[in-house]
Every structure is written in structure tokens, then in C-alpha cells.
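S.K.: Quick one: sequence plus predicted model below, questions after.
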Amino acid sequence: MAGEGEKERVRVFGLWASPFSLRVEWALKLKGVEYEFVNEDFLTNGKSAELLHYNPVTKKIPMLVHGEKALAESLVIVEYIDEVWSDGYPILPKDPYERAQARFWARYAEDQCLPTTYAIYTSPEEEVEAATKAAQQCLSTLEEALKGKKFFGGEKIGFLDIAVGWFPIWFRMIEEIVGVSLVNKESLPLLDAWFDRFLAEELVKGTCPPKEKLYSFNRARREQIISGKIHAKK
């Protein structure tokens, strides 16, 4: 039987435009867990009292509330989901070494690939080329984890795919908004092919934010960052 408490109410406090909220949704959907998504539109309305109640430490989304148990940090939440609904779709590898490797590459992507790529989005035009080259170098290293595989998890989506699954959505958006070619068949062929495979998955197509709404939101946000009206942050 799956983990105790599996039938308790499950809520995800997130933001429709947050790639990190998607991680939690993907994990729940892979496990076949029903959940309620609570859109925290804090950019317009501020943070809700409920969010602050459940996450008084970082006050950030996404938050998973399972019954009355609250968890923060998207990758921590994904591991929790994998353990609680243990009889469902396996997210983390069973082999200890492979599991450690998945966690290592997820951390590398979070610490190295995310900030260098985000720098492209937040950089003025004269700094974009250098930022793009720095991001490609990090992503080239990440490609090592894809060699000989269909997905980072092997033949099926796994933990690392969930961790970096927002890349195909947001990186393509950054390319269009900024006017760069970051991931393509010449620069990063393995990652480029994985982008197409991942985006073709029904799991992903069914959860992606509306493209025009997402692009419009982030185009305006980039202009505000470049002009100094708001601070750049993840």
C-alpha cells in the first residue's frame, strides 16, 4: 500500500507563472494524486495570510500542504511526494548511486545553470552575448547527464527531468524575448532534442502556462528590470 495519509487533502500554493510550482504539479500528476492549486498572485495582491501561516520561514511559493503538514522548497517537495505515494510512478531512481547522481545534477542545474541563464533575461543588450556564452558552457556540462538517454531519468521522466523540466518552456521564451539562440542543434544537440521530447509529453502540455500570457508577462517584467524599476531576482 502507498504511504500513510495519502488520502488527506493536498494543496499546492503556487503562482501560475512560476516554473518551480510546475515541478510540484508534475510530481503529483505522475503519481496520480488529486490536488487543489491555490494561485498566490502576490505580485499584485501581496502574500496571503494562509501562505504566511504555512510558510512563516521563507514566505515563498511553492508550498505543499498535505492535510495540515506544510512543506517548502520545490525539490524537497518532489522527494516527499515520491516517498509518500511510494507505490505510484517512481520519480527518484531506486539505486542509491543513481539517486545520488540525480540529486547532484539537480543541484548543479539549480546553482549553475539557473543563474547564468537568468542573467541573459536580466542583462542589457550589450551584455547578452557574454551571458549567453556563460549559460551555454554550464548547459554543456549538464548535457553529460543526458548521454545515451531519452530522458535524464532514462526511458521515462525522472527526478532530474522534473527539476529542469521548466528549461524548455522558459528558455525558449527567453530566446524569443531577448533575441538569442541559447539551445539549438549546433550548440547543445542533446539538450535541444530533449527539449522537443519533454515538451511533447502530455504531462507537460497539460500544465504549461498559456504561452502568450507568459511571454507578455515576462516581456514586461524584463523591461522593468532593465529600466531599474524592479530588482532582478529568481
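M.R.: Nice, I can see it.
S.K.: For the residue nearest to residue 32 when sequence neighbours are not counted, give me its contacts.
M.R.: Nearest non-adjacent residue to residue 32, counting by CB to CB, 6 or more residues apart in numbering: residue 88, 5.8 Å away. Any C-beta I mention is one placed from the backbone N, CA and C, and that applies to glycine too. Residue 88 is in contact with 2, 30, 31, 32, 33, counting by CB atoms under 8 Å, 6 or more residues apart in numbering.
S.K.: And the furthest pair within those?
M.R.: Maximum pairwise distance among these (CB to CB): 13.5 Å, between 2 and 30.
S.K.: Those two: who's more crowded?
M.R.: residue 30 (22 against 13; other CB atoms under 10 Å).
S.K.: Would you mark the buried spots in stretch 132-145?
M.R.: With burial defined by 16 or more other CB atoms under 10 Å, the residues of stretch 132-145 counted as buried are 132, 134, 135, 136, 138, 139, 142, 145.
S.K.: what helix or strand does the fifth one sit in?
M.R.: Translated: residue 138. Taking DSSP states H and E as the criterion, residue 138 maps to helix 128-142.
S.K.: list the helices and strands that helix packs on?
M.R.: If you count contacts as 3 or more CB pairs under 8 Å, 6 or more residues apart in numbering; DSSP states H and E, helix 128-142 packs onto helix 96-108, helix 114-122.
S.K.: and the shortest one, what's its mean pLDDT?
M.R.: What that stands for is helix 114-122. Per-region confidence: helix 114-122 scores 96 on mean pLDDT.
S.K.: With the first one instead?
M.R.: Rounded to a whole number, the mean pLDDT of helix 96-108 is 98.
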